[in-house]
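# missing the sequence, but the structure's below:
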């Protein structure tokens, strides 16, 4: 199974990796790459998926989302996460991905977030995680690419593999890379 993820840019990517690492040390959960899942459960081959998405997603601008709150849940893969401010561009990316990837795929409600810890945590662990995370907030996170990733709940987290990326046009945010 494949997913479409948004991958944060540096330096936010490093900040989020550091948070994920620290929280994994606190709660014992797995380490993984920071991302926003746009769509998951896609049975298409990764190359076919990229071909379907490429020309359309390349037209999207580079953008940023603002993260100001942490949330917790009881689902292993949504146990401790950051919630973005509402974003029309995230909603638009989701709609395009649904239409292009698998028009007949039955999808769940779109609930964008950046997970920081996977697992089942005691209240004391959640409190410690919140204390660590709150020091990094608020955080503006920039995105300029989507990646096709081989990942699913049935695949061990350590085996999740980015297969390819599609870079967005860079016109909404000024390119600071030089």
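Looks like it came in fine. Remember, predicted model here, so these are calculated numbers, not experimental data.

# List the buried residues of the lengthiest helix in the chain.
Longest helix in the chain, counting residues (DSSP state H): helix 12-27. Residues of helix 12-27 classed as buried: 12-13, 16, 19-20, 22-24, 26-27 (neighbour count, 16 or more other Cβ atoms under 10 Å). Bear in mind the C-beta positions are built from the backbone N, C-alpha and C, glycine included.

# where does the protein dip in pLDDT?
Low-confidence segments of the chain, defined by pLDDT under 70: 103-107, 170-178.

# can you pull out the strands in the protein?
2-8, 36-42, 63-72, 80-84, 114-117, 139-150, 161-167 (DSSP state E).

# CSV for those, including distance to residue 124 and mean neighbour count?
Shown next, in CSV, are the strands of the chain (distance: least, Cβ to Cβ, whole Å; neighbours: other Cβ atoms under 10 Å):
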stretch, distance to residue 124, mean neighbour count
strand 2-8, 29, 23
strand 36-42, 28, 21
strand 63-72, 13, 17
strand 80-84, 13, 21
strand 114-117, 14, 24
strand 139-150, 25, 20
strand 161-167, 34, 15
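
# can you tell me which residues contact residue 77?
115, 118, 153 (Cβ atoms under 8 Å, 6 or more residues apart in numbering).

# do the same with residue 53
Residue 53 touches 4, 96-97, 100-101, 146, 148, 166, counting by Cβ under 8 Å, 6+ apart.

# switch the cut-off to 7 Å
For residue 53, the contact set (Cβ atoms under 7 Å, 6 or more residues apart in numbering) comprises 97, 100-101, 166.

# ok, and the closest non-adjacent residue to residue 68?
Using Cβ to Cβ, 6 or more residues apart in numbering and skipping the chain neighbours, the partner closest in space to residue 68 is residue 138 (4.2 Å).

# do the same with residue 62
Distances taken as Cβ to Cβ, 6+ apart put residue 144 closest to residue 62, at 3.9 Å, once the chain neighbours are dropped.

# any idea how far the residue positioned nearest the centre of the chain lies from residue 9?
The chain has residue 36 as the residue nearest its centroid, 1.6 Å off, counting by Cα atoms, centre = their mean. For residue 36, the distance to residue 9 (Cβ to Cβ, to the nearest Å) stands at 12 Å.

# next one: residue 140
11 Å.
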